[in-house]
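Asker: Quick one, what's the 3D model for this:
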Amino acid sequence: MFYPGQPIVWVTSPLLLKRYKHMAGISTPVPDPYTASPDLEGRQVPGTQKKVLFFNLGFLEIDHQVDLSPWIPAGTNLSTKSLVVVDDRDIANIHDMALYRQSRVKLLDNMKKVDTERGAFFNTEALPVGSILVFPVALKETGWQPFGTRNSQPYSQELYFGGLESIGFGRCNVTLVGDSLAQPQEEKQ
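Answerer: You can find the predicted model right below:
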């Protein structure tokens, strides 16, 4: 989430963290809404220990300060000072506001004039740069190595998932973790 004059932060909610906790096997309790790490770069509220951030939704007051480092996925370069947990009711609005949206027009092939016969306007939407998505992948057998031999931690590769690559859309860093990525066991003879 970005707003001029404010730090860029990555936001999540308790509901999303509960799902991630289950997938990643995290033992740390899920943080309460309006939680950030003590090193968050926000404006200090005079006379209190609270910090405040200002965004399109208005003022976001940080009520709790907890170490959020256990919630940073492996393979990412996030800093704890950039993480904020908001209420489950606010996350949908924040996600909607953070989407990159652009309306474009189709031009004629031979001149710079709007092509009104084949549809002039079209819209694009994209997740903001730096978005982190975590989801499970079901595997039938162990030993899957889609990026070649597993010789580094984390096991990741940049991939392209369709859509306007020429302007930077669709490029993703995919990191795979879990027991199913282990080397396949040798068959017994």
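Asker: only C-alpha atoms for contact and neighbour calcs from this point on.
Answerer: Will do.
Asker: Would you mark the buried spots in stretch 16-23?
Answerer: For stretch 16-23, burial by neighbour count (16 or more other C-alpha atoms under 10 Å) applies to 17, 20-21.
Asker: Serialize those to JSON lines and add fields for secondary structure.
Answerer: Compiled in JSON lines, those are given as follows (DSSP: H, G, I helix; E, B strand; the rest coil):
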{"residue": "Leu17", "secondary structure": "helix"}
{"residue": "Tyr20", "secondary structure": "helix"}
{"residue": "Lys21", "secondary structure": "helix"}
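Asker: Which of those residues sits closest to Tyr34?
Answerer: Distance to Tyr34, by C-alpha to C-alpha, is smallest for Leu17 among the buried residues of stretch 16-23, at 13.2 Å.
Asker: State the distance from that closest one to Lys51.
Answerer: From Leu17 across to Lys51, the span is 22 Å (C-alpha to C-alpha, to the nearest Å).
Asker: Just list whatever residues bridge to Val52.
Answerer: Counting by DSSP bridges, Val52 is bridged to Arg43, Glu61.
Asker: And the pLDDT at it?
Answerer: Listed pLDDT for Val52 reads 85.
Asker: got a list of what it touches?
Answerer: For Val52, the contact set (C-alpha atoms under 8 Å, 6 or more residues apart in numbering) comprises 42-45, 59-62.
Asker: Out of these, which one has the weakest pLDDT?
Answerer: Within the contacts of Val52, pLDDT is lowest for Val45, at 78.
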